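Engineer: quick check, what structure comes out for this input:
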Amino acid sequence: DEETLMNLFELRIMLEVGMTDFLFAHKTAEDVQALEEIVAQESGQADKGIFEIEEELRFHGKLYEISNNQTLKRFQEILLPVFQFVNQSTLFQPLEVGEQLVTHKDLVQIIKFGTPEMFQNAMKKHLRPHFDRLQSRRQQPSEK
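Structural biologist: Take a look at the predicted model:
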């Protein structure tokens, strides 16, 4: 149901912000190159708040893979219906892009040249619009 899907999406946010140290401990030059290739193939609409499911899955799935945690990698399979639901439903309103969003390209640059702290802060900012939309949805009156 909608509540379960929202909870799973929230869990995704919690895990992705929390995986930073594992990501930095296990990353390789080949991983960074793979992320750069993924980003190079993206539509380039993320700075406008437009996210393609396939792009999200490829990029964030690679982050899960780099973290070297098998359960986290399998978690992405559970998330596929959540991404589809969020994309196809009226659960969330479109993003209003006010401040500059942190894109996948920005995150790759931090993985390549930055610190775990810089990445964690950037990931929080990257996921913040989703967090805000979830909180907004939870504050709406029930449609029962």
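Engineer: show me the shaky parts of this protein.
Structural biologist: 45-51, 85-100, 141-144 (pLDDT under 70).
Engineer: strands along this structure, start to end?
Structural biologist: Remark: no strands are assigned in the chain by DSSP state E.
Engineer: can you show me the helices along it?
Structural biologist: 2-18, 20-26, 29-40, 53-66, 70-88, 104-113, 116-139 (DSSP state H).
Engineer: now the angle from the last one to helix 53-66?
Structural biologist: Counting by axes from the mean of the first three to the mean of the last three C-alpha atoms, to 10 degrees, helix 116-139 points 130 degrees away from the direction of helix 53-66.
Engineer: likewise for the third one?
Structural biologist: With the same axes, to 10 degrees defining the directions, helix 29-40 sits at 170 degrees from helix 53-66.
Engineer: from the rest of the structure, what touches helix 29-40?
Structural biologist: By C-beta atoms under 8 Å, 6 or more residues apart in numbering, the list of residues contacting helix 29-40 from outside reads 55, 58-59, 62-63, 65-66, 104-105, 108, 111-112. Yep, even glycine has a C-beta here, placed from its N, CA and C like the rest.
Engineer: of these, just the buried ones, ChimeraX syntax please.
Structural biologist: In ChimeraX syntax, the buried subset of the contacts of helix 29-40 is picked out as below (16 or more other C-beta atoms under 10 Å):
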select :55,58,59,62,63,65,66,104,105,108,111
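Engineer: from the contacts of helix 29-40, pick the one nearest Asn7.
Structural biologist: Leu63 (20.9 Å; C-beta to C-beta).
Engineer: what's the nearest residue to that closest one once chain neighbours are set aside in contact with, if anything?
Structural biologist: Nearest non-adjacent residue to Leu63, counting by C-beta to C-beta, 6 or more residues apart in numbering: Leu23, 6.1 Å away. Counting by C-beta under 8 Å, 6+ apart, Leu23 touches 63, 66-67, 111, 116, 119.
Engineer: and these as TSV, adding distance to Ile38?
Structural biologist: Converted to TSV, the contacts of Leu23 look like this (distance: C-beta to C-beta, whole Å):
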residue	distance to Ile38
Leu63	10
Ile66	12
Ser67	16
Ile111	12
Pro116	21
Phe119	16
